[in-house]
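>>> mind folding the following:
(one chain, ligands or ions: 1)
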Amino acid sequence: MEPVPVEPEPVGHDLDEARTEARGLLEKIERARETYYGQDRSVVDDATYDAWMHRLEAIERRHPELQGQDSPTLNVGAAASTELAPITHAERMLSLDNVFSAEELRAWSTKVTDAAGRSVQWLTEAKIDGLALSLRYEQGRLVSAATRGDGRVGEDVTSNAVRLAGVPQQLEGEGHPSLVEVRGEVFIAVEAFRRLNALQAEMRDRVVAEAAARGIATERAETSAARRFPAFANPRNAAAGGLRQLLSKKDGLELEAGLARIESLSLYVHGIGAWDTSPVKAQSEVYDLLASWGLPVSPHSRVLVDVEDVVARIRDLGTGRADIEHEIDGVVVKVDELALHGELGETSRAPRWAIAYKYPPEEVHTRLVDIVVSVGRTGRATPFAVMEPVHVAGSVVRQATLHNKDVVREKGVLIGDTVVLRKAGDVIPEVLGPVAELRDGSEREFVMPTECPECGTVLRAMKEGDIDLRCANARTCPAQVRGRVEHVGSRGALDIEVLGEVTAAALTQGDGAPLSTEAGLFALSLDELVPISVMVRDADTGEVKVDPDSGQPVVRTPFRVKSGDPSKQAHLLLGELEKAKTKDLWRVLVSLSIRHVGPVAARALAQHFGSIRAIEDAGEEELAVVDGVGPTIARSVKEWLAVDWHEQILRQWERAGVRLHVPDHPGPGAADSADGPLSGLTLVVTGSLEGFTRDSVKEAIITRGGKASGSVSKKTDYVVVGENAGSKADKAEQLGVTILDEAGFVQLLQDGPPSPEPEG
Ligand code: IVH
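Below you'll find the predicted structure:
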């Protein structure tokens, strides 16, 4: 395939532009975190929040100098930087300037050669996507290890660094300088990263198994396991968190996992900071010397004379990227002769004798087989690209959302086009645009359907100015019913493991499907399940599979075995549905698919009113004043309840035994100050806490009788300040409200407030 011009880099290489964008993202993320933790509402959905984080990550990858020590991208799973002691580097740790094309690189090399006034030899190195480390050796003995920090002052990570195989405590050989700062990059090799995530999964399984043995509910154990041993998103962040973790505060499984995380780290050294005497004349000789001292040097460095050889090396390393043992995000080109380093000098942030050539994120070509419109649980019709499966940035991609018809038009893609695909922020597949030169005339334009592809109802915008089109047939549109039934089983709702996408489809669309809405879900019987049969679809194309011998569609009967008896799956589903009937009221509320009612609002409603009946009896204002509800949710709840087929869902669920109340609830409002160690106390949480999710922190307060409020006032008893706390911490200080850190908060949860000092 011919190389084709593609859309601009996903993150522009203009530093100022990137800085502005990063600032905007930081602000949004900060605000979202604050309202999520501190107030009873969320300003964005999870997908948007994740997209902001991924975008910020992508910007920071391209412009690492924009990644502050307190960046939210760093504090996932990492120790609070305030807990690691500061270490001042003897020599500042600089960053690198970037170039993004061969032309820019040639221009840089010309500038350097002109300034040097003589020919220059280039040293090319893989740019390791990791975390910078500075090792301070005095008379050959390791005295400290520090992260880069702000370049002048880093964090003391000595106790972890000494556990790295590549960090000798005593340098080999003799005649070491009295002081030398060795600089390098800590990373997790691709294979080690795979093993590390497998180990995290094993740890999660162990937590769940141990909890089961102690009779703890699986659902709770899984939540706790996922929080304690999350899957790491990428090697770079796993390495950063691994090096900065506080092992001394860990024990049991956490310690075991923490040690394994450190074991997964590797180091390649790539330079010298402070050095009292330099016995060598070239950077490449520095590496020979460092290797002779027992320090690990990268096998990917080359000394080259011609800049065109440098360009070729960059290309080769790029195409062979997948064969390198660690992730690389570019190539570092350095002037080899050390005397020139001094002559060329440095800017305030980067040396003039080195440059980083950054690779664009991986982009691939594939064929756009079709643009299909799917209708979701809420009726929104979304076009998405169906593509020939293609491997990009670590996984096989077949589909990508195209959001709405305007986006399809803006991208200019035709069905049948070869398209350029990448993963935005290296995570979400995104079609960038067509390779127009490869068109042969057979391509056709996408036409947004005017009717719901599943039920034929006319698609329309629900509000003026809405780009999204929706199917208004909420009651019987198969796509919406299927989506809602699946939602009932989802984790955040009634968490019914067997009720996933496939089962929801079988129950609502299979031949002989028993459900036309979710109303009958909890009254399902074996007799209704057994006859269901479903057509098997190809995972890639979505087409119904056909048996090549008979020419008939391939059919599965998930709920019966050959003899015609109910299958294990059928018994399992009914058993799980039975268990779900007595789950917490807030879960039932979430499972009803009421617009805007997620776990936080549902908890608040359940806690305050104690039953669906009481919610039905309450007026809109009464709902709105409940902490965590507000006018939008109150209106949405009332609108939902006013629909008669919704009412039928409730009545049918109730008849089938679904508990629509909180047992022993004392009545509306009466449980708001329930007994518990926090009874009568109002808390505000600001910033992120390591040991709590956004929801669990609120739950922890409410279930102990406390009130979780969103804003700090004189009535606030405690403000809990986590990482990235915003202005609320300042306000608490001004008002003289007691401020707690996470440890203090955990103690308060256990013991309640300290008893007042006896007077006199
Ligand atoms: S030399 C004064 N060499 O990339 C120059 N840095 O984006 C110091 N990095 O802060 C850096 N691989 O942490 C150098 N082979 C390599 C590198 C490398 C990765 C990191 C380093 C630096 C960052 C700049």
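
>>> from now on I want contacts and neighbour counts done on CA atoms only, so please keep to that.
Will do.

>>> strands of the stretch 501-650 of the chain, residue ranges please.
534-535, 555-556 (DSSP state E, counting those that start in this stretch).

>>> quick one, grab the pLDDT at Ser81.
For Ser81, the pLDDT comes out at 43.

>>> rebuild the strands of the stretch 501-650 of the chain as TSV, extending it with mean pLDDT.
Formatted as TSV, these follow (pLDDT from 0 to 100):
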stretch	mean pLDDT
strand 534-535	86
strand 555-556	86
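
>>> tell me which of the ones you listed lies nearest to the ligand.
strand 534-535 (51.5 Å; Cα to the nearest ligand atom).

>>> could you list every helix and strand in contact with the closest one?
strand 555-556 (3 or more Cα pairs under 8 Å, 6 or more residues apart in numbering; DSSP states H and E).

>>> helices and strands around the strand it packs on, which ones?
strand 534-535.

>>> the strand it packs on pairs with which strands?
Strand 534-535 sits in its sheet next to strand 555-556 (antiparallel), going by DSSP bridges.

>>> residues contacting the strand it pairs with, please?
Identification of contacts with strand 555-556 by Cα atoms under 8 Å, 6 or more residues apart in numbering yields 533-536.

>>> just the buried ones from those, in PyMOL syntax?
What follows is the PyMOL syntax selecting those of the contacts of strand 555-556 that are buried according to 16 or more other Cα atoms under 10 Å:
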select buried, resi 533+534+535
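
>>> pipe the strands of the stretch 501-650 of the chain into a markdown table and attach distance to Gly140 per row.
Converted to a markdown table, the strands of the stretch 501-650 of the chain look like this (distance: least, Cα to Cα, whole Å):
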| stretch | distance to Gly140 |
| --- | --- |
| strand 534-535 | 70 |
| strand 555-556 | 69 |
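
>>> ok, back up a step: possible to save the contacts of strand 555-556 as TSV with distance to Arg214?
Formatted as TSV, those follow (distance: Cα to Cα, whole Å):
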residue	distance to Arg214
Ser533	39
Val534	39
Met535	42
Val536	40
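
>>> for the ligand, what is the nearest residue in the stretch 251-400 of the chain?
For the stretch 251-400 of the chain, Cα to the nearest ligand atom, closest residue to the ligand: His270, 5.0 Å.

>>> so which helix or strand takes in that residue?
Assigned by DSSP states H and E, His270 belongs to strand 265-275.

>>> show me the shaky parts of the stretch 51-200 of the chain.
Applying pLDDT under 70 to the stretch 51-200 of the chain flags residues 68-70, 73-82.

>>> and the strands in it, which stretches?
86-88, 98-99, 122-128, 131-138, 141-147, 153-155, 179-188.

>>> adding mean neighbour count and distance to the ligand, write these out as JSON lines.
Formatted as JSON lines, the strands of the stretch 51-200 of the chain follow (neighbours: other Cα atoms under 10 Å; distance: least, Cα to the nearest ligand atom, whole Å):
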{"stretch": "strand 86-88", "mean neighbour count": "17", "distance to the ligand": "16"}
{"stretch": "strand 98-99", "mean neighbour count": "21", "distance to the ligand": "8"}
{"stretch": "strand 122-128", "mean neighbour count": "23", "distance to the ligand": "4"}
{"stretch": "strand 131-138", "mean neighbour count": "24", "distance to the ligand": "4"}
{"stretch": "strand 141-147", "mean neighbour count": "21", "distance to the ligand": "10"}
{"stretch": "strand 153-155", "mean neighbour count": "22", "distance to the ligand": "13"}
{"stretch": "strand 179-188", "mean neighbour count": "24", "distance to the ligand": "6"}
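
>>> on that earlier part again, now do the strand holding His270 against strand 179-188, angle only.
160 degrees (axes from the mean of the first three to the mean of the last three Cα atoms, to 10 degrees).

>>> got any ranges where the stretch 351-500 of the chain has weak pLDDT?
394-395, 424-427.

>>> apologies, that question was intended for the stretch 601-750 of the chain.
Judged by pLDDT under 70, the stretches of the stretch 601-750 of the chain that qualify are 673-675, 694.

>>> residue of it closest to the ligand, please.
Closest point on the stretch 601-750 of the chain to the ligand, by Cα to the nearest ligand atom, is Asn724, at 23.7 Å.

>>> tell me, how many residues neighbour that residue?
Burial measure for Asn724: 17 neighbouring residues, criterion other Cα atoms under 10 Å.

>>> state the distance from it to Gly736.
According to Cα to Cα, to the nearest Å, Asn724 stands 20 Å off from Gly736.

>>> ok, Gly130 to the ligand distance?
Between Gly130 and the ligand the distance is 7 Å, computed by Cα to the nearest ligand atom, to the nearest Å.

>>> thought that residue was touching Arg236?
Yes - at 5.0 Å, Gly130 and Arg236 qualify as touching, with contact defined as Cα atoms under 8 Å.

>>> common neighbours of those two, please.
With Cα under 8 Å, 6+ apart as the test, Gly130 and Arg236 both reach 187-188.

>>> so these two - more neighbours on which side?
Gly130 (25 against 22).

>>> quick one: residues contacting that one.
185-188, 235-236, 239-240.

>>> that one - nearest residue in space that isn't next to it in sequence?
Excluding the flanking residues, the one nearest Gly130 by Cα to Cα, 6 or more residues apart in numbering is Phe187, at 4.6 Å.

>>> who does the one you found bridge with?
In beta-bridge terms (that is, DSSP bridges), Phe187 pairs with Ser266.

>>> let's have the chain start at 793 instead
With 793 as the first residue, the last one maps to Phe979.

>>> from Arg1036, how far off is Ile1120?
21 Å.
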